[in-house]
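A.B. asks: Following is a predicted model, sequence given first.
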Amino acid sequence: MRVFLIVIFILGGAVTASAQLLLRGRITDAATRQPIPYVNIGLVGRGIGTVSDADGYYELWVREASPDDLLRISCLGYEPLTQSWEDLPEGPDISFTMRKGAIALDEVVVSVLPTYTLEEIVGYPLASTRDFAYWKDSLALGAELASRIRVSPGTRRLNTLFFNTTSNPADSVLVRINCYAFPGSGGKPAEPLNKSGQSILYTLPGGASEAVVDLMPFDLWVEDDFYLSLELLAVYGSDEISLTMPAAAESRGATYRRYASQGEWEKIGAYGVGYALQTTYYTNDPRKARNRVVERSLKRSQAPVGGFVFFGRRALEGIRVENLNTREETTSDTRGRYRLLASPGDVLRFTRPGGDFLILKIRETGTLTVNLKGM
């Protein structure tokens, strides 16, 4: 068995606490004075960084710093702050305020979209493999693991992210999903593609799990290859982390890591971590809108899935049922009955009019009756 190791240590972990400097404080919105959660803060390019907690508080341990070192604070939707080490106030208690930044929308969002569409899974839909990637030992908050996702050139919307964890000893792990542009020629992740001003957060439960993340509210668009990453924000119920995910060797793949917030990207190798995305591809060429390989695969595996949607003993009308792998959807009728096509392994989402939803993975096609009581 080959093992693809992603081992990330806190830089300076061998140095005693007495030999380090401590910065601590709170990061707030300059206009509202409200705390800003999960802000990246660290020394640029030094692998020394952290992330503020849900209430905006941070603690950053720093080894010896030179006057030329730069402290950078950044958060999606805000203007970044950069300050030289020698210009920082005397600590350790240093708080910062951040101002909202202008959101630059991609032209593709406001332009007229091409006529034809194709629903397509891209990336690495891996459940288990002989290779795997894992984060091990004491990670610095803000550490990231990014893989290149190869796609055909053209306008594409990212709808749903799927990935599996085969081991997670913590009670739960909070991660942020980030998308970055691919600069070409094997370059490292470039500018962020999330223009929504909102972080994409997901909590991974302990043990093995299948993650399904709805990306539709964040309006993510790409025109070419891109990077998808998971960023560590918090670990609950454990002082250490050993998060394991499937991975596969890929001749044109590229996986990068960085040790902490504001750190440099470091290339691991030609691997793809098991990130898979359901996307909508837009084109004016009707031939490109027909992927015959996908069509043949669906014809072999798809079959009707249907049943009733209840709340307790009451049938529910108007429940939106979506196949997140194909984007086919339907609505339950007056008797609570629904029906659509799916393949084993597809993920269905049942959404109530108020916005609450339930996600289920299809083990086999046929009858699937759902009770939404307790959502």
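C.D. replies: Looks like it came in fine.

A.B. asks: Pull up the distance across stretch 315-334, start to finish.
C.D. replies: Terminal residues of stretch 315-334 lie 8 Å apart, using CA to CA, to the nearest Å.

A.B. asks: now swap in stretch 136-147 and tell me
C.D. replies: Stretch 136-147 has an end-to-end distance of 18 Å (CA to CA).

A.B. asks: tell me which residues of that stretch are tucked away?
C.D. replies: Neighbour-count burial for stretch 136-147, counted by 16 or more other CB atoms under 10 Å, picks out 139-147. Every C-beta, even on glycine, is put in place using the N, C-alpha and C of the backbone.

A.B. asks: Which parts of the stretch 151-300 of the chain are strands?
C.D. replies: With DSSP state E, counting those that start in this stretch as the definition, the stretch 151-300 of the chain shows strands at residue ranges 156-165, 172-181, 200-205, 209-214, 220-222, 226-236, 241-249, 255-258, 266-269, 271-273, 276-283.

A.B. asks: As CSV, could you dump the C-alpha coordinates of the first one?
C.D. replies: The one in question is strand 156-165. Only the C-alpha atoms of strand 156-165 are listed here, as CSV (Å, rounded to 0.1, in the frame of the first residue of the first chain):
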residue,chain,number,x,y,z
ARG,A,156,-18.7,26.2,-15.6
ARG,A,157,-20.7,26.6,-12.3
LEU,A,158,-19.7,24.7,-9.2
ASN,A,159,-22.8,23.2,-7.6
THR,A,160,-21.9,20.5,-5.0
LEU,A,161,-18.7,19.3,-3.4
PHE,A,162,-18.3,15.6,-2.4
PHE,A,163,-15.4,14.1,-0.4
ASN,A,164,-14.8,11.3,2.0
THR,A,165,-12.8,11.0,5.2
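
A.B. asks: what separates that strand from the chain centre, distance-wise?
C.D. replies: Remark: strand 156-165 is offset 8 Å from the chain centroid, using CA atoms, centre = their mean, to the nearest Å.

A.B. asks: what are the pairing partners of that strand, and which direction each?
C.D. replies: If you go by DSSP bridges, strand 156-165 pairs up with strand 209-214 (antiparallel), strand 220-222 (antiparallel), strand 276-283 (antiparallel).

A.B. asks: quick one: pLDDT of Thr162?
C.D. replies: Thr isn't right for residue 162; it's Phe. Phe162 carries a pLDDT value of 94.

A.B. asks: so what's the nearest residue to it once chain neighbours are set aside up against?
C.D. replies: Nearest non-adjacent residue to Phe162, counting by CB to CB, 6 or more residues apart in numbering: Ala276, 4.6 Å away. By CB atoms under 8 Å, 6 or more residues apart in numbering, the contact list for Ala276 reads 121-126, 161-163.

A.B. asks: buried ones in stretch 231-248?
C.D. replies: The neighbour-count criterion (16+ other CB under 10 Å) identifies 231-235, 241, 243-248 as the buried residues of stretch 231-248.
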